[in-house]
Structures are given as structure tokens and as C-alpha cells.
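Peer 1: A structural model of the following input is requested.
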Amino acid sequence: MKGTSLTKKILIAMLLGVIVGLILNPFGENVIVKDYVVGFGFVLFGSVFIALIKMMVVPLVFVSLTLGAAQMGDIKKLGRIGGKTVGFYLLTTAIAITIAIIVGTIVKPGSFMQMTAQEMTYEAAESPDFVNVLINMVPTNPIDAMAKGNMLQIIIFALLTGTAITIIGEKAKLVKDLLEQVNEVILQMVMLIMKFAPYGVFALVGKTMATFGFDAIGSLLAYMLCVLGALVIHGVLTYQGLLYATTKLSPIQFFKNFAPAMAVAFSTSSSNATLPVTIETAEKRLGVKKELASFTLPLGATINMDGTAIMQGVATVFIAQLYGIPLGIGDFATVILTATIASIGTAGVPGVGLVMLSMVLVQVGLPVEAIGLILGIDRILDMCRTVINITGDAVCTLIVAKTENEFDEEVYYAPNELDSDVEMA
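Peer 2: Now for the predicted structure:
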């Protein structure tokens, strides 16, 4: 396996987990299989991996989101462009999570596999009223909120901290530099944890298949198709609908022009890694002026995570259906609000969306441990949702550029037979 990419390792681990789990399923009542292979080995590796992911939630959200707000620059100078950009990102994220919830509710991917009373090792807490969620968003003690993992309060405190750093400017440079260094450390920790992912995925998928057998495949396939379907709907209808309605630009031409960046996003599963190509593509193929692209696209890589929000929405509905836990209108509203705000704090690197999903699940009283059921196929979905994330960044940039006269239509409609004008290295 040396020299093999993490994506391939996870896919191989997932496949091996399916095969081994299905082989062990007929021997589920055997003492060695039940107590040692599944009950000890699979549970140990799977649980440790889940614990490592949960460990990173609070520091990742606080530091990433604080930096996201701090990097917006001078608030007064941002003015109209900043308002349009942030407004677009938040609006489309809310639309994305709504589409995801509707698709999940209609298709019911969790109905293919139901947890029995014996298998439900988690008792869901009663979710608070939506009005109380809004009231309790403001922390009376930020340190206590971090200790207890109250994510909405942490998000509000992080946004206020980042905004204050922006207003103070140069005097807060040391604080901002320190946060950037801490952020680098945290992201490196996430990457180290993801190196353990193949083993965790193998154990989690193996345990699922050994316990549920072929019943699990249909449910996970339905979940996967729901996420992919919601991504396509959002990428085509929402983004291209907004693009054509506000600019009258051809959506087909957009996809032709933006294809190089989309290919890089799919292969890297990282909005940040794709950012240089995204900016280059926006300037040379979409016709956006460099000054504007250099602002809206990095901001989008930080706060615009519609693909991640879609995964969170479908996964929330899927897990609720698996455990037979009904979600009401207030719960759905909470999911939309939480996932929209959480997407701002989702770093543009592979695998962090699962960390944010745990926060959404907690807010509506669903078991965080259920993330293990979808870990095996998440890497594939991560590649797809990264494409949607950067597509949203580019559409927003085009719309803002068009309305601000920072757009060259001749470049947009110029023939692009070769991709040599875009740095792919």
C-alpha cells in the first residue's frame, strides 16, 4: 500500500470491509466472530476513529471560523461586494440543505435498514424548541460552551472574535498570526487522523456488514444516490438558474470554461488545494477581473460549502430514519440553520465535513456514532461535493463581477479548445 493515495486506500479498505463483513455475517452468533472479531477488533478500531474525529470538532470550528471572519479585510471597504458575496453564499447553502432534506424525506434511504431495539445502543436526547435554539445561540460563558461542545454558541463567539480582529486591523496582527499557526496545526492533526481512516473505515464497514449483511448495501446505496441526486439538482438548477437569471450568461458555456477547475477539485477533494486553479480559470476563462476573483474565491473556499451542507442534510434524515426517530418542522429548521452556519466553519480540506456532521446531529438529538455507517462511502461523495463547492464559488464570482462591471464577456465566450492557459500543476 506504500505510495498509494489516501483515496485509494479508503476505497480498498471499504471494499475489504464489505467482503469480510459479508463473509462473517452467516457466523454472527459464533463466539469468536461475535465477541472477538466484531465485538473487540472492529469495535475498537471503529470507535477509536470516531473518537478522533469528535476530538477535533471544537478546536476546528472555533479556529477555522474565526479566521474566516478575520480574513474578510476592512469591513467598510468590503461594502457592497462583501455583502453580495456573503449573502449569496449563505442563501445558496440554505437552499442546498433544504434540497437535501426534501430529497432524503421523499426517497427515505434509511427505510431499507432499521435498527432494532437491541441494536440501538444510543438513546436520542429530546431536541429543544427552535426558538430556544435561537436564544441559546449566544453564549454566556464561551469557555463553558467549548467544554460542553455547544457548537452554535461556539460559532457565534468565533464569528464575533473574527469580526473584532477585522475591525482592529493591524493591532490584532499577532492574534491573527497566532490563529493561523494554530489552524495549520489543527489541519495537520486532521490529516494525521485521516491517515488512520482506512483502518477505521474497514472496521466500521466490516462491523456494519457483519451485523446487517446485504440489507445494509441497499440502504447505503440509496443514501449515496440521494446525496448525488441533491448535488446534481443544486449544481444545475440552483446555480445555473441563478447565473442565467441574474446575468443571462450561458450555463453550458460556464461548464465548458470551468471544467479544468472542476477536474482538479474532483481529484483532490479539497477546495483549498483547487483554489489556485479556480482563480486562474475565473480570470482567463470566465472573464472575471483579477482583483474581484482574488477576493470572492478565497472567501468562498472558506465559507461556501454547499456540497458539504447537502451531505449533512441527507445524512441527518438518513440516520433519523435508521433509528426510527421522527424529525419535525422545528428539527428541520434547526438542521437548516445549524448546517448553514456550520458550513462557514468547514475547512476546505478532505474529510472535515464528517466532523461538522457530528455537530448537526447533536443539535437534533441524533446519535453521532451513526456516522460510522456512512464513513465507508463518504470519500467518494467528498470528491463530488467538492466540485459543487467550487462551482458555487465561481457562479457567485461571476454574478458579482457582472453586477459590478468587473467582467469581460468576450473572454467568457472565447473558444477554449485547449487548457494550456490554465496552470494545472
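
Peer 1: please make it C-alpha for all contacts and neighbour counts, starting now.
Peer 2: Fine.

Peer 1: go ahead and confirm residue 84 touches residue 400.
Peer 2: Yes - with contact defined as Cα atoms under 8 Å, residue 84 counts as touching residue 400 (6.9 Å).

Peer 1: please give the element, helix or strand, for the residue sitting nearest the centre point of the chain.
Peer 2: Taking Cα atoms, centre = their mean, the centroid of the chain lies closest to residue 308, which sits 2.6 Å from it. Using DSSP states H and E, residue 308 falls within helix 306-322.

Peer 1: show me what that helix is packed against.
Peer 2: helix 75-107, helix 215-233, helix 329-344, helix 352-363, helix 375-403 (3 or more Cα pairs under 8 Å, 6 or more residues apart in numbering; DSSP states H and E).

Peer 1: rank these by pLDDT, which is bottom?
Peer 2: Ranked by mean pLDDT, those end with helix 352-363 in last place, scoring a mean of 71.

Peer 1: how many neighbours does residue 148 have?
Peer 2: Residue 148 sits with 10 neighbouring residues when counted by other Cα atoms under 10 Å.

Peer 1: from residue 58, how far out is it?
Peer 2: Taking Cα to Cα, to the nearest Å as the measure, residue 148 falls 9 Å from residue 58.

Peer 1: which stretch among the helices and strands packed on helix 306-322 comes nearest residue 27?
Peer 2: helix 215-233 (16.0 Å; Cα to Cα).

Peer 1: would you mind pulling the contact partners of the helix or strand that the closest one is followed by?
Peer 2: Heading C-terminal from helix 215-233, the first helix or strand you meet, by DSSP H and E, is helix 240-247. Under the criterion Cα atoms under 8 Å, 6 or more residues apart in numbering, residues 249, 250, 251, 395, 398, 399, 402, 403 lie in contact with helix 240-247.

Peer 1: would you list the residues you listed in CSV and tack on neighbour count and distance to residue 46?
Peer 2: Below are the contacts of helix 240-247 laid out as CSV (neighbours: other Cα atoms under 10 Å; distance: Cα to Cα, whole Å):
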residue, neighbour count, distance to residue 46
249, 18, 48
250, 13, 47
251, 17, 43
395, 24, 39
398, 28, 43
399, 24, 44
402, 19, 49
403, 13, 50
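
Peer 1: could you single out the nearest of the residues you listed to residue 50?
Peer 2: The closest of those, once distances to residue 50 are taken by Cα to Cα, is residue 395, at 35.1 Å.

Peer 1: touching, the closest one and residue 236? I think so.
Peer 2: No - checked against Cα under 8 Å, the pair residue 395 and residue 236 is beyond contact range at 11.2 Å.

Peer 1: next one: the helix or strand where residue 300 lies to chain centre, how far?
Peer 2: Assigning secondary structure by DSSP H and E places residue 300 in helix 290-303. Its chain's C-alpha centre and that of helix 290-303 lie 18 Å apart, by Cα atoms, centre = their mean, to the nearest Å.

Peer 1: just the buried residues of that helix, please?
Peer 2: 292, 293, 294, 295, 296, 297, 298, 299, 300, 301, 302, 303 (16 or more other Cα atoms under 10 Å).

Peer 1: so it versus helix 375-403, what angle?
Peer 2: Angle of helix 290-303 versus helix 375-403, following axes from the mean of the first three to the mean of the last three Cα atoms, to 10 degrees, is 150 degrees.

Peer 1: what helices and strands are in contact with helix 290-303?
Peer 2: The criterion is 3+ Cα pairs under 8 Å, 6+ apart, and the helices and strands that helix 290-303 contacts are helix 57-70, helix 75-107, helix 271-284, helix 329-344, helix 375-403.

Peer 1: so which of those helices is nearest residue 256?
Peer 2: Smallest distance to residue 256 across the helices and strands packed on helix 290-303 (Cα to Cα): 11.0 Å, for helix 271-284.

Peer 1: against which helices or strands is that closest one packed?
Peer 2: helix 251-268, helix 290-303, helix 375-403.

Peer 1: CA atoms only for it, dumped as PDB, please.
Peer 2: Taking C-alpha atoms only, helix 271-284 is exported to PDB below (Å, rounded to 0.1, in the frame of the first residue of the first chain):
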ATOM      1  CA  SER A 271     -11.400  23.500  -2.200                       C
ATOM      2  CA  ASN A 272      -8.200  25.000  -0.800                       C
ATOM      3  CA  ALA A 273      -5.900  22.800  -3.000                       C
ATOM      4  CA  THR A 274      -8.000  23.700  -6.000                       C
ATOM      5  CA  LEU A 275      -8.000  27.500  -5.300                       C
ATOM      6  CA  PRO A 276      -5.000  28.500  -7.500                       C
ATOM      7  CA  VAL A 277      -6.600  26.700 -10.500                       C
ATOM      8  CA  THR A 278     -10.000  28.200  -9.600                       C
ATOM      9  CA  ILE A 279      -8.700  31.700  -9.600                       C
ATOM     10  CA  GLU A 280      -6.700  31.200 -12.800                       C
ATOM     11  CA  THR A 281      -9.800  29.700 -14.500                       C
ATOM     12  CA  ALA A 282     -12.000  32.500 -13.300                       C
ATOM     13  CA  GLU A 283      -9.700  35.100 -14.800                       C
ATOM     14  CA  LYS A 284      -8.600  33.500 -18.000                       C
END
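
Peer 1: in that helix, what's buried?
Peer 2: Going by neighbour count (16+ other Cα under 10 Å), the buried part of helix 271-284 is 271-284.

Peer 1: nearest to residue 177 among these?
Peer 2: The nearest member of those to residue 177, counting by Cα to Cα, is residue 272 at 18.7 Å.

Peer 1: before we move on, the earlier item: TSV for the buried residues of helix 290-303, including pLDDT and distance to residue 407?
Peer 2: Output for the buried residues of helix 290-303, formatted as TSV (pLDDT from 0 to 100; distance: Cα to Cα, whole Å):
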residue	pLDDT	distance to residue 407
292	79	9
293	80	10
294	74	14
295	73	14
296	79	13
297	81	15
298	74	18
299	73	19
300	79	18
301	76	21
302	67	23
303	73	23
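
Peer 1: how about a markdown table for these, with distance to residue 358 added?
Peer 2: Shown next, in a markdown table, are the buried residues of helix 290-303 (distance: Cα to Cα, whole Å):
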| residue | distance to residue 358 |
| --- | --- |
| 292 | 35 |
| 293 | 33 |
| 294 | 32 |
| 295 | 30 |
| 296 | 28 |
| 297 | 27 |
| 298 | 26 |
| 299 | 24 |
| 300 | 22 |
| 301 | 21 |
| 302 | 19 |
| 303 | 18 |
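
Peer 1: can you map out the helices along the stretch 101-250 of the chain?
Peer 2: 130-135, 142-148, 151-168, 173-195, 197-212, 215-233, 240-247 (DSSP state H, counting those that start in this stretch).
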